[in-house]
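Peer 1: just to be clear, the model below is a prediction. Sequence and coordinates:
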Amino acid sequence: NLQGTWELSNGHKMPYLGLGVWKAEDGEEVIHAVKWALEAGYRHIDTAKAYENEEGVGKGIKESGIPREELFLTSKLWNSDQGYESTLEAFDKTLKRLDTDYLDLYLIHWPVEGKYKDTWRALEKLYKDGKIKAIGVSNFLEHQLRDLMQDAEINPMVDQLEFHPWLVQKDLQDFCATHNIQYEAWSPLMQGKAFKNETLKQLGEKYGKSPAHIVLRWDLQNGVVTIPKSTSKDHIISNAEIFDFELSEEDMQTINALDKHERIGPDPDNFD
Ligand code: NAD
């Protein structure tokens, strides 16, 4: 069912499926996408300061009429805001734009070297103050996680990473599992490339599903939270239809074998 959730290390529940809204325009486009998703049963929205659509996300949530406490809302701190005081300020502005008084999850968007530890201390403070239900990171590889945790009082509860059949990073998944860090997939549909992949298309035919369903179901069976993006009503509704079938172990392995260690997005060791 669409309420399927994972429990984070601190007990806060994170819905397995969320709507990603990167590149959804602030205003009507993102407002509609959020409302359609919530109508379809999604209870998790993934935005970021950098997406410049937090206001629209907030309006979509309000207009949906769904009580705030039933939703899981994630935003991310942008690179130029890293540092202790600047993080506290950026967080306040994010809350105001989203028109809410807490976040379910706040992530450090990228591991800005020399700054992410001070940033993390600010997240720890906001967490202890009750303004964020869970804190985490995004685009942190194993060495950055290890470095962060060396000085952290609270370990990250989530790491949101590029994850799809071409970029599996099994070692990183295992590392996160060992440390109780929930793995979350960005660009799960390979920014649309999943629809052109022959293996995913064939598996889709076999199960009477689309390539999107196959890859999102593969995420689910891997224990990975996933946030496909769409602003089309039909696609938003369709992408959630992944709770009524199961991939066989053999087909899971077939998808795992597509791994090419190939990124679509920036490398966390070398980004702007
Ligand atoms: P995605 O892999 O979710 O693919 C989105 C593309 O697929 C869009 O072009 C959409 O129109 C198309 N699509 C979606 N459903 C479809 C369907 N059923 N049929 C046909 N086409 C369909 O790409 P994404 O937006 O890069 O990633 C998802 C989310 O992950 C983002 O919106 C964002 O919230 C998050 N993200 C985070 C980071 C990060 O650094 N933390 C980076 C990238 C994305």
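Peer 2: Thanks, I have the structure now. Numbering: from 1, shown residues only.
Peer 1: give me the nearest residue to E54, chain neighbours excluded.
Peer 2: R97 (3.9 Å; CB to CB, 6 or more residues apart in numbering). C-beta coordinates here come from the backbone N, C-alpha and C atoms, glycine included.
Peer 1: which residues touch the one you found?
Peer 2: By CB atoms under 8 Å, 6 or more residues apart in numbering, the contact list for R97 reads E54, E55, G58.
Peer 1: where neighbours are concerned, which of those has the most?
Peer 2: Neighbour tally across the contacts of R97 (other CB atoms under 10 Å): the maximum, 25 neighbours, falls on E54.
Peer 1: per-residue pLDDT, it?
Peer 2: Note on E54: pLDDT of 98.
Peer 1: next: the one 3 residues further on.
Peer 2: For V57, the model assigns a pLDDT of 98.
Peer 1: quick one: mean pLDDT for the particular helix or strand that has I214 in it?
Peer 2: Here I214 is covered by helix 211-221, with elements defined by DSSP states H and E. The average pLDDT within helix 211-221 is 97.
Peer 1: ok, that helix near the ligand or not?
Peer 2: Yes - for helix 211-221 and the ligand, the contact criterion (CB under 6 Å from any ligand atom) is met by A212.
Peer 1: mind saving the C-alpha coords of that helix as CSV?
Peer 2: Taking C-alpha atoms only, helix 211-221 is exported to CSV below (Å, rounded to 0.1, in the frame of the first residue of the first chain):
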residue,chain,number,x,y,z
PRO,A,211,9.9,0.4,-16.9
ALA,A,212,9.3,3.0,-14.2
HIS,A,213,7.4,0.4,-12.1
ILE,A,214,10.1,-2.1,-12.6
VAL,A,215,12.9,0.2,-11.4
LEU,A,216,10.8,1.7,-8.5
ARG,A,217,9.9,-1.8,-7.4
TRP,A,218,13.6,-2.8,-7.5
ASP,A,219,14.3,0.1,-5.2
LEU,A,220,11.6,-1.0,-2.8
GLN,A,221,12.8,-4.6,-2.7
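Peer 1: packing partners of the next helix or strand after it?
Peer 2: For helix 211-221, the following helix or strand on the C-terminal side (DSSP H and E) is strand 225-226. Packing partners of strand 225-226 (3 or more CB pairs under 8 Å, 6 or more residues apart in numbering; DSSP states H and E): strand 182-186, helix 211-221.
Peer 1: would you turn those into TSV with distance to D244 and mean neighbour count?
Peer 2: Below are the helices and strands packed on strand 225-226 laid out as TSV (distance: least, CB to CB, whole Å; neighbours: other CB atoms under 10 Å):
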stretch	distance to D244	mean neighbour count
strand 182-186	20	23
helix 211-221	9	23
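Peer 1: specify the beta-bridge partners of the residue of the stretch 1-150 of the chain found nearest the ligand.
Peer 2: Taking CB to the nearest ligand atom as the measure, the stretch 1-150 of the chain has G20 as its residue closest to the ligand, at 2.4 Å. Per DSSP bridges, the residues bridged to G20 are D46, K229.
Peer 1: pretty sure it contacts D46?
Peer 2: Yes - if you go by CB atoms under 8 Å, G20 and D46 touch, sitting 4.9 Å apart.
Peer 1: quick one: mean pLDDT for the longest helix seen in the chain?
Peer 2: Counting residues, the longest helix found in the chain (DSSP state H) is helix 84-98. In this model, helix 84-98 has an average pLDDT of 98.
Peer 1: please apply the same query to stretch 116-132.
Peer 2: 98.
Peer 1: in that stretch, what counts as buried?
Peer 2: Of the residues in stretch 116-132, Y116, T119, W120, R121, A122, L123, K125, L126, Y127, K131, I132 count as buried by neighbour count, 16 or more other CB atoms under 10 Å.
Peer 1: around the ligand, pick out the residues from the stretch 101-250 of the chain.
Peer 2: So the stretch 101-250 of the chain meets the ligand at 109, 138-139, 160, 186-192, 195, 212, 227-230, 235, 238-239 (CB under 6 Å from any ligand atom).
Peer 1: where do the strands of the stretch 1-150 of the chain begin and end?
Peer 2: 5-7, 13-15, 19-20, 44-46, 72-77, 103-108, 132-138 (DSSP state E, counting those that start in this stretch).
Peer 1: for the longest one, packing partners?
Peer 2: Put plainly, it is strand 132-138. If contacts are counted by 3+ CB pairs under 8 Å, 6+ apart, strand 132-138 sits against strand 103-108, helix 116-128, helix 142-151, strand 158-162.
Peer 1: noted, bye for now.
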